[in-house]
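A.B. asks: Need coordinates for the below:
(chains A and B)
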Amino acid sequence: MVIGGIFVVSGFEKLIGPYQNFLYIVQNYSFLPFLLAEFVARVLPWIEFFLGLFLLLGLWLKWTLRAVMVLVLMFMAVVMQALIRNLPIDECGCFGALLTVPLPVVLASDTTIFFLTWFLLSRRKEAERYSLDSYWAQNENA
Amino acid sequence: MSQRSKLRGTILVVAVSVAAVLAVKFFLGLSPRDTRSPDEMRAKGNKSAPIQITEFIDLECPACARGAEYLARMIVTHPETIRLELKYFPLPSHRHGLLAARYAECAARQEKFWPFQDALLARQANWSRLVDATPAFVLIAQEVSLDKDKLGACLNDKSVDALIQESRLEGERRGVKSTPTYYVNGKMVVGMQSLEPELERLLAEIKK
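C.D. replies: Numbers count the residues shown, from 1 in each chain, chains lettered A, B, ... in the order given. So this is what the prediction gives:
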């Protein structure tokens, strides 16, 4: 629920504002060509938002958890390259204007989220309790 | 059967969420809009230029200094084509941003905004490191021949702060979150990396 909430808030905050603000943040990480950065700035907030929402509702949990792990791994790689290259980024831009988080803290939280998601995936049966997935599974069995 | 209703449920969730996000975005009115409202003191270039740029600037932001340098060059090479208007957007993360905006506005009231702003940005790397940047600003004010008494009175004038605040609020209403944010013919462009291709595209269109 917490991980889902984080993703929903992060995606929603970016979606309700002009995409150019997030594009600027993506460009600051200096790892994508212009057009690809623009594509990422337009698409990534939707992905974050829906992964978060699916986690909250417990929808397609098996795949959602895996997708979250992949996304978080990508975030970690991007933040790590920024730290290694010593890029002048004061805050990650993860939550837009809602929250300012320095890069090392982001890396630590991403690592925590990654392992938490891994843990949930390894105990999927328990994670699926009270989820829409289990609701539909019960209907199927009925 | 259940798989089908699960798919249907997923589609419903996605559709409702997209509609909710778009509705919030619409009602908040955060979509970029045209910001053409000329303020002569902080504007330069041909009034009827086909490319009108409004910039929300924090005078302590290094990217803004680089952007200003680039735009100054562009205006020199395309004097009839580009017009630039500046609006203050001091960021809370920059300790001297607000004070710099105050001095710049007071320079504007003596019709010396541009020379003051150019000198301020050129030396930004020096004064931004200082605990108290006031002596650096006073020195620049002297260099661009600002009237000392008028400057002192202006710095205590509440309308200066009110104008800066108003400018910042205008930026916030339009969805500005970081600097430099430009509105090029009404289109929102954030940062130099996006500004350069946008200007090149418009200049190429005008040349045709």
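
A.B. asks: Which stretches in the chain count as helices?
C.D. replies: I went with chain A, as the question did not name one. Secondary structure of chain A (DSSP state H): helices at A:2-16, A:19-28, A:34-57, A:61-84, A:103-122, A:124-127, A:132-141.

A.B. asks: wrong one, chain B
C.D. replies: B:2-28, B:62-77, B:97-109, B:113-122, B:124-127, B:134-143, B:148-155, B:158-173, B:192-207.

A.B. asks: right, and these - which one's nearest A:G5?
C.D. replies: helix B:2-28 (14.4 Å; CB to CB). Every C-beta, even on glycine, is put in place using the N, C-alpha and C of the backbone.

A.B. asks: average model confidence for the closest one?
C.D. replies: Averaged over helix B:2-28, pLDDT sits at 85.

A.B. asks: can you check stretch B:49-58 too?
C.D. replies: Over the span of stretch B:49-58, the pLDDT mean works out to 94.

A.B. asks: Does chain A have contacts with that stretch?
C.D. replies: No - judged by CB under 8 Å from any CB of the partner chain, stretch B:49-58 stays clear of chain A, getting no closer than 11.6 Å.

A.B. asks: What parts of chain A come near chain B?
C.D. replies: A:12, A:15-18, A:20-21, A:23-25, A:27-28, A:34, A:49-50, A:53-54, A:57, A:59-60, A:88, A:90, A:96-97, A:100, A:132-133, A:136-137, A:139-140.

A.B. asks: which of the helices of chain A sits most buried?
C.D. replies: Ranked by mean neighbour count, the helices of chain A are led by helix A:19-28 with a mean of 22 (mean count of other CB atoms under 10 Å in any protein chain shown).

A.B. asks: Nearest spatial neighbour of residue 47, chain-adjacent residues omitted?
C.D. replies: No chain in the question, so chain A it is. A:L71 (6.9 Å; CB to CB, 6 or more residues apart in numbering or on different chains).

A.B. asks: Hmm, no, I was thinking of chain B.
C.D. replies: In space, B:K47 is closest to B:R83, 6.5 Å off (CB to CB, 6+ apart).

A.B. asks: From B:K148, how far out is the one you found?
C.D. replies: 32 Å (CB to CB, to the nearest Å).

A.B. asks: And B:Q3, by the same measure?
C.D. replies: In terms of CB to CB, B:Q3 sits 79 Å off from B:K148.

A.B. asks: try B:H94
C.D. replies: 26 Å.

A.B. asks: So between these two, which is more surrounded?
C.D. replies: B:H94 (18 against 11; other CB atoms under 10 Å in any protein chain shown).

A.B. asks: number of nearby residues for the closest residue to the more buried one other than its chain neighbours?
C.D. replies: Nearest residue to B:H94, sequence neighbours excluded (CB to CB, 6+ apart): B:E60, at 3.8 Å. Counted with other CB under 10 Å, residues neighbouring B:E60 total 25.

A.B. asks: Show the contacting residues for B:E60.
C.D. replies: Taking CB atoms under 8 Å, 6 or more residues apart in numbering or on different chains, we find B:E60 in contact with B:90-91, B:94-97, B:100, B:124, B:128.

A.B. asks: Swap in 6 Å and give it another go.
C.D. replies: The contact partners of B:E60, by CB atoms under 6 Å, 6 or more residues apart in numbering or on different chains, come to B:94, B:96-97, B:100, B:128.

A.B. asks: Considering the residues you listed, which possesses the most neighbours?
C.D. replies: Of the contacts of B:E60, with other CB under 10 Å as the count, B:A100 tops at 27 neighbours.

A.B. asks: low-scoring stretches of the chain, by residue?
C.D. replies: If you meant another chain, say so; for now it's chain A. Along chain A, the parts satisfying pLDDT under 70 run over A:90-91, A:96-99, A:141-142.

A.B. asks: not quite, I wanted chain B
C.D. replies: For chain B, counting by pLDDT under 70, the residues that fall below are B:1-2, B:29-39.

A.B. asks: Up against chain A, what does it have?
C.D. replies: Contact residues (CB under 6 Å from any CB of the partner chain) of chain B with chain A: B:2, B:6, B:17, B:21, B:24-25, B:28, B:30, B:32, B:175, B:177-178, B:188, B:190-191, B:193.

A.B. asks: repeat that with 7 Å
C.D. replies: B:2, B:5-6, B:9-10, B:13-14, B:17, B:21, B:24-25, B:28, B:30-32, B:93, B:175, B:177-178, B:188-191, B:193-194, B:197 (CB under 7 Å from any CB of the partner chain).

A.B. asks: Once you drop chain neighbours, what's closest to the residue positioned nearest the centre of chain B?
C.D. replies: The structure's chain B has its C-alpha centroid closest to B:F56; by CA atoms, centre = their mean the separation is 1.1 Å. The shortest distance from B:F56 to any non-neighbouring residue, by CB to CB, 6+ apart, is to B:F89 (3.9 Å).

A.B. asks: And B:Q110, by the same measure?
C.D. replies: B:L146 (5.4 Å).
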